[in-house]
Structure formats: C-alpha cells, structure tokens
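Novice: Could you work out the structure for the sequence below:
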Amino acid sequence: MRLAYRFAIASDKITADGVEVTGFPDLARRYRVSSVPKTVVGETAEFVGAQPESALLQHVLDVATPSSLS
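Specialist: Numbers count the residues shown, from 1 in each chain. Predicted coordinates for the structure are as follows:
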C-alpha cells in the first residue's frame with residue numbers, strides 16, 4: 001500500500017485505496033481476493049504478492065496507455 005500511496009501522491013491522475021478485506025467481504029468477492037497482498041490497477045490488471053516498484057509502475061502504464069497505441 002505504501003508504494004501505491006506514493007504513486008498517488010506523485011500524480012493527481014492516480015488514486016490509491018487500501019482495504020482490509022475481512023471487513024469487506026463483498027469487495028473481496030468482487031476482486032476475487034484469495035490471498036494478500038493483491039493489487040488491482042484500473043479494474044483490469046491485477047497481481048498477487050509484493051512486487052518491486054518497477055512492476056507496479058509497468059502495470060499502471062499498461063492500464064493508462066490505450067491498446068490502440070500499443
């Protein structure tokens with residue numbers, strides 16, 4: 001979460017929310033959380049486990065870049 005929050009602080013185009021899924025079972029089901037940490041980027045990209053900053057940045061860039069430009 002710290003890394004996601006740092007990204008959000010660095011750019012006004014990024015928001016970050018941390019959720020304790022045991023308190024929000026509907027969100028856990030919606031995002032299919034079976035283990036933590038789980039990161040969801042833009043509703044389309046997701047990964048489980050701690051990732052280095054470069055991996056999270058790549059996920060954010062992939063989601064932010066329209067596929068027609070790839």
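Novice: Which helix in the chain has the most residues?
Specialist: helix 53-64 (DSSP state H).
Novice: This structure: strands as residue ranges?
Specialist: Assigned by DSSP state E, the strands in the chain fall at 38-41, 45-48.
Novice: and Phe7, how many neighbours?
Specialist: Burial of Phe7 is recorded as 18 neighbouring residues (other C-beta atoms under 10 Å). (Each C-beta comes from the backbone N, C-alpha and C, glycine too.)
Novice: I meant to write Val41 there.
Specialist: 19.
Novice: The strands of the chain: which one's closest to Asp17?
Specialist: Closest approach to Asp17 among the strands of the chain is made by strand 38-41 (9.7 Å; C-beta to C-beta).
Novice: Partner strands of that closest one, with direction?
Specialist: Strand 38-41 pairs in its sheet with strand 45-48 (antiparallel), by DSSP bridges.
Novice: I'd like the distance from the strand it pairs with to the chain centre, please.
Specialist: 7 Å (C-alpha atoms, centre = their mean, to the nearest Å).
Novice: cool, stretch 33-50 as well?
Specialist: Per C-alpha atoms, centre = their mean, the centroid offset for stretch 33-50 relative to its chain is 6 Å.
Novice: hang on, Gly42 packs against Ala64?
Specialist: Yes: Gly42 lies in contact with Ala64 (C-beta atoms under 8 Å); the separation is 7.5 Å.
Novice: What residues of the longest helix of the chain count as buried?
Specialist: Leu56, His59, Val60 (16 or more other C-beta atoms under 10 Å).
Novice: As TSV, those residues with pLDDT and distance to Gly23 would be great.
Specialist: TSV is the format used below for the buried residues of helix 53-64 (pLDDT from 0 to 100; distance: C-beta to C-beta, whole Å):
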residue	pLDDT	distance to Gly23
Leu56	88	24
His59	86	25
Val60	87	26
